[in-house]
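Participant: sequence first, then the predicted structure, then my questions.
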Amino acid sequence: MVTLGTAPAGAEQRLSELGIVLPSPPTPLGAYVEAVRTGNLVFFSGMLPVVEREPQFVGRIGGELTLEDGRKAAATATLNGLSAAKALLGSLDCVAAIAKLGVYIATEGDFREHAKVADGASELLEAIFGTEKLSPRIVLGVASLPLGVPIELELVLEVDDGPPR
Amino acid sequence: MVTLGTAPAGAEQRLSELGIVLPSPPTPLGAYVEAVRTGNLVFFSGMLPVVEREPQFVGRIGGELTLEDGRKAAATATLNGLSAAKALLGSLDCVAAIAKLGVYIATEGDFREHAKVADGASELLEAIFGTEKLSPRIVLGVASLPLGVPIELELVLEVDDGPPR
Amino acid sequence: MVTLGTAPAGAEQRLSELGIVLPSPPTPLGAYVEAVRTGNLVFFSGMLPVVEREPQFVGRIGGELTLEDGRKAAATATLNGLSAAKALLGSLDCVAAIAKLGVYIATEGDFREHAKVADGASELLEAIFGTEKLSPRIVLGVASLPLGVPIELELVLEVDDGPPR
């Protein structure tokens, strides 16, 4: 349907244009795996704002941490998710859609700007996959998260049938 | 399998019989979309008890707000979800099943009647889609929700292959 | 692909070898059902650490309850989930994959060992379904849960096309 002349950049090309180098894939903290494919859907484990298993932020948004901390943590967790996806799929170019993005934010008090924090993940995904692949999104303020981090992401991706383009 | 004489009312007919007029579809608070279809599943964004983006309730159940407030908020969020579904699908009659209903309730203290609050959504869905389409349900008490609302709903719908009947 | 001589034990055989007798299937607390199959996926309601609707634990992990209580509660909820699965599917041998395991833990204070609590569910599933069917996992600390229990589980299973083996 897309002619060669107008083919949109794939996710891998956009990553490269944005100068983003994905981190090494996350590793499980327990008896689970990072992702499982069933049919055309890939379900992922909760992605945390860690680098080499080390939390980059600890605390709650609206407490010790600010909205801007939350946005950065969401972006870090997103990159971990994309790294897990690439490890499973070989290439992000076979991602047909983001079926679910869950953004779970450890909050304190009456914090209400969950949407702005969650945009730290959504805007990065939009930059990489394009506006045409914006996801539906579930955003919750939770009591606590593993390791004390302020953000956990849930991803469900739809992938193309064929081999990566 | 169903003969004409005993055909159950479709969801659209039941909505009409119940005198329910769906609100205008919800609009995103950030860089996301309200729903995405992948195969026969439709994943939705978190549905809030808002009318024209204005929260109808603010606070926590078991704190400022009562169980009955929670039930009303759940019903309002449900109607927003159905409006988003109709905007995507054209008709609610093509809903084959409700694969997931998540009811996330901002609670305070030792509130334990989550199931009664969640029934504010489930009973409305049952009235519209029939007892034969009752959903599985995940109910959680959370720390906070976007805009300070007490209820957020998650819906995953299964839709028929063909065009809406 | 698997030759007869090396066929791994199925889940039903492992249950029997482990001496596990599944409880009677859980029953809904409201207007919902315990599980719905759509295509090859089965979505389940939140599974609680109850026996015959009676909570086996009440309270929060990191508060009145310990990490070890949480692990036991997670195991009890897991058995309820497997009983619901068997009631729907006839046999656990048709489970092809665990597409999602959500472990929602009511926590108090700065509890950070969510992963160890969640392993109470994951390790039991691993013992029954084998390491090759380890699931992806979403683990959240929540504010409260229905009936005051400390653990709720979410399961999405992928099942084989054919009849149970």
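Facilitator: Cool, the structure landed. Since this is a predicted model, take the numbers as computed values, not measurements.
Participant: could you use CA atoms for every contact and neighbour count after this?
Facilitator: Noted.
Participant: ok so A:Arg71 is a strand residue?
Facilitator: No - under DSSP: H, G, I helix; E, B strand; the rest coil, A:Arg71 sits outside any strand and is assigned helix.
Participant: for it, which non-adjacent residue is spatially closest?
Facilitator: Leaving aside its sequence neighbours, A:Arg71 sits nearest to A:Gly120 (C-alpha to C-alpha, 6 or more residues apart in numbering or on different chains; 4.2 Å).
Participant: tell me which element the one you found falls in.
Facilitator: Per DSSP states H and E: A:Gly120 is located in helix A:114-129.
Participant: residues in contact with that helix?
Facilitator: A:10-12, A:14-15, A:67-68, A:70-75, A:77-78, A:103, A:105, A:133-135, A:139-141, B:29-32, B:145-147 (C-alpha atoms under 8 Å, 6 or more residues apart in numbering or on different chains).
Participant: list the buried residues in it.
Facilitator: A:114-126, A:128-129 (16 or more other C-alpha atoms under 10 Å in any protein chain shown).
Participant: just the pLDDT for the residue nearest the centre of chain A.
Facilitator: The residue lying closest to the centre of chain A (C-alpha atoms, centre = their mean) is A:Thr78, at 2.8 Å. Listed pLDDT for A:Thr78 reads 98.
Participant: kindly report the same for A:Pro164.
Facilitator: Model confidence at A:Pro164 (pLDDT) stands at 40.
Participant: neighbours around A:Ser144, how many?
Facilitator: 33 (other C-alpha atoms under 10 Å in any protein chain shown).
Participant: now swap in A:Pro55 and tell me
Facilitator: 16.
Participant: give me the spatial nearest neighbour of it, chain neighbours excluded.
Facilitator: A:Pro49 (5.9 Å).
Participant: same deal with A:Ser24?
Facilitator: Excluding the flanking residues, the one nearest A:Ser24 by C-alpha to C-alpha, 6+ apart is A:Ser83, at 6.4 Å.
Participant: what are the ranges of the strands in chain A?
Facilitator: Secondary structure of chain A (DSSP state E): strands located at A:35-38, A:41-44, A:50-51, A:54-55, A:95-106, A:137-142, A:151-159.
Participant: among those strands, which comes closest to B:Ala97?
Facilitator: Within the strands of chain A, the stretch nearest B:Ala97 is strand A:95-106; the backing value is 17.6 Å (C-alpha to C-alpha).
Participant: these two touch, right, the residue nearest to A:Ser24 and A:Ile20?
Facilitator: No - A:Ser83 sits out of contact with A:Ile20 when judged by C-alpha atoms under 8 Å, with a separation of 11.3 Å.
Participant: so for the two, which sits in the more crowded spot?
Facilitator: A:Ser83 (21 against 12).
Participant: residues in contact with the more buried one?
Facilitator: A:Ser83 sits next to A:22-26 when contact means C-alpha under 8 Å, 6+ apart.
Participant: by neighbours, which of the residues you listed wins?
Facilitator: A:Pro26 (23 neighbours).
Participant: quick check: the gap between it and C:Gly102.
Facilitator: From A:Pro26 across to C:Gly102, the span is 18 Å (C-alpha to C-alpha, to the nearest Å).
Participant: who in chain A is up against chain C?
Facilitator: Contact residues (C-alpha under 8 Å from any C-alpha of the partner chain) of chain A with chain C: A:29-38, A:43-46, A:104, A:142-148, A:154.
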